[in-house]
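*Asks:* Pasting the sequence and the predicted model now:
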Amino acid sequence: MGTLGWPEVQQASLMTTSFLGSALRGTFFFIFGLWWSVKYPLRYLRRKTNGESQLSYGVQRVEVFEGAVKAFFALTGILVEQFVPTGPHLQLYSPKTRSWTDLTHWHYTTMYLFFLLSGMVDIISHSPLKLPLGLDRLSLAVALLIEGLLFCFHDNTDAALDHHVHSLLTMAIFAGALCVLLEVFLRDHIILEIFRTSSFLLQGSWLWQIGFVLSPPWGGEGWDQTDHSNFTLLTMCFCWHYVGALAVLAANAAASRCCNESCQLKFGDIDVELDCGMCIRKGIKSSDSTLLPESPSDDK
């Protein structure tokens, strides 16, 4: 049996790293898409039922937590891209080779950087600083526009199939960016929120698809870059991915409706918020009021 030489082992390692990087980026978008697919339908149903117009303290804390998770994921992505064994380790230019160092890793580091800034703006927007309303959405739109710009000029080494799958990805990215830009002016619009959620789900699943197409985890060179039938199939797959995203949205929206109705039946007129402490305080106040004497004649 033959053994792999060092160049083959190095190439297999690079392919595995590329797949893991694509999977990491896809997981980042897919998790947020899943969370929003539950959050926004549930919040819409509660507002429709209770007529709430402003965010409660509990919901504001959830927004801060969401921004912190976004910033954490982005910071993790930056560290992974920079400090993997094949990463640049924060070195942009190599004096020895007189060339740029691993621009692909810097490419994704730049993308994560803007999502890190978006997460920080989310946190500050719900702090006592009181930033202008809509700035959090604007920062997310800028992050998506930067991501789309970077993927438009992604180094695909003249590989036609690589270019095709990333072009499909940029369609989902710019669609999400346009949606978030509209949310700056039309805040808390359920249709825009649902469309943004579907674009994130699509980005997440498609990034996983790109990993399997270009650098499969089991090794090999990936799909044939010259077979035009692969272009047709992947275009259809992109549409199927969006159908899957819509199916996830519908399922989670239905689950949110059932959850909202069960909470209404269980708690009745009690305003059930994400901040459970509000319900506890209401229960304490009501129990204290029942202990008060009804009239002065009860005192002996």
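*Replies:* The structure has been received and is ready for your questions. Residues are numbered from 1 along each chain as shown.

*Asks:* what ranges do the helices span in the stretch 101-250 of the chain?
*Replies:* Using DSSP state H, counting those that start in this stretch, the helices of the stretch 101-250 of the chain run over residues 103-125, 135-152, 160-185, 190-214, 228-267.

*Asks:* And the ones you listed: which comes nearest Ala23?
*Replies:* Nearest to Ala23, of all these, is helix 190-214, at 5.3 Å by C-beta to C-beta. Just so you know, the C-beta spots here come from the backbone N, C-alpha and C atoms, and that holds for glycine as well.

*Asks:* which one of the helices of the stretch 101-250 of the chain lies closest to Gly222?
*Replies:* Evaluated over those, closeness to Gly222 peaks at helix 190-214, with 4.7 Å, by C-beta to C-beta.

*Asks:* Just want the angle from the closest one to helix 135-152.
*Replies:* Inter-element angle recorded for helix 190-214 and helix 135-152: 30 degrees (by axes from the mean of the first three to the mean of the last three C-alpha atoms, to 10 degrees).

*Asks:* Mind giving me the packing neighbours of helix 190-214?
*Replies:* For helix 190-214, the packing partners by 3 or more C-beta pairs under 8 Å, 6 or more residues apart in numbering; DSSP states H and E come out as helix 6-50, helix 160-185, helix 228-267.

*Asks:* about what we covered before: looking at the helices of the stretch 101-250 of the chain, which is closest to Ala71?
*Replies:* helix 103-125 (3.0 Å).

*Asks:* quick check: mean pLDDT across the closest one?
*Replies:* In this model, helix 103-125 has a mean pLDDT of 93.

*Asks:* Tell me what angle it forms with helix 160-185.
*Replies:* Using the same axes, to 10 degrees: helix 103-125 against helix 160-185 is 10 degrees.

*Asks:* And helix 103-125, how far out from the chain middle?
*Replies:* Distance of helix 103-125 from its chain centroid, counting by C-alpha atoms, centre = their mean, to the nearest Å, is 12 Å.

*Asks:* Quick one: the helices of the stretch 101-250 of the chain as CSV, columns for mean neighbour count too.
*Replies:* As requested, the helices of the stretch 101-250 of the chain are exported to CSV (neighbours: other C-beta atoms under 10 Å):
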stretch, mean neighbour count
helix 103-125, 20
helix 135-152, 20
helix 160-185, 19
helix 190-214, 22
helix 228-267, 14
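
*Asks:* could you dump those to JSON lines with distance to Phe83?
*Replies:* Formatted as JSON lines, the helices of the stretch 101-250 of the chain follow (distance: least, C-beta to C-beta, whole Å):
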{"stretch": "helix 103-125", "distance to Phe83": "10"}
{"stretch": "helix 135-152", "distance to Phe83": "20"}
{"stretch": "helix 160-185", "distance to Phe83": "25"}
{"stretch": "helix 190-214", "distance to Phe83": "20"}
{"stretch": "helix 228-267", "distance to Phe83": "31"}
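
*Asks:* Please name whichever of these is nearest to Phe73.
*Replies:* helix 103-125 (7.5 Å).

*Asks:* Give the residue spans of the protein that score low on pLDDT.
*Replies:* 1-17, 50-58, 155-158, 263-300 (pLDDT under 70).

*Asks:* ok, back up a step: could you dump the helices and strands packed on helix 190-214 into JSON lines with distance to Ser198 added?
*Replies:* Putting these into JSON lines (distance: least, C-beta to C-beta, whole Å) gives the following:
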{"stretch": "helix 6-50", "distance to Ser198": "7"}
{"stretch": "helix 160-185", "distance to Ser198": "9"}
{"stretch": "helix 228-267", "distance to Ser198": "5"}
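
*Asks:* do you know which of the ones you listed lies nearest Arg137?
*Replies:* The nearest among the helices and strands packed on helix 190-214, by C-beta to C-beta, is helix 160-185 at 4.6 Å.

*Asks:* returning to what we had before: for the helices of the stretch 101-250 of the chain, which one sits closest to Tyr40?
*Replies:* That would be helix 190-214 among the helices of the stretch 101-250 of the chain, by C-beta to C-beta, at 4.3 Å.

*Asks:* now the angle from that closest one to helix 228-267?
*Replies:* 140 degrees.

*Asks:* Show me how far helix 190-214 is from its chain's centre.
*Replies:* With C-alpha atoms, centre = their mean, you get 9 Å for helix 190-214.

*Asks:* contacting residues around the spatially closest residue to Leu116 that is not a sequence neighbour?
*Replies:* Among residues not flanking Leu116 along the chain, Ala74 sits closest, at 3.8 Å (C-beta to C-beta, 6 or more residues apart in numbering). Neighbour list for Ala74: Phe28, Tyr112, Leu113, Phe115, Leu116, Ser118, Gly119 [criterion: C-beta atoms under 8 Å, 6 or more residues apart in numbering].
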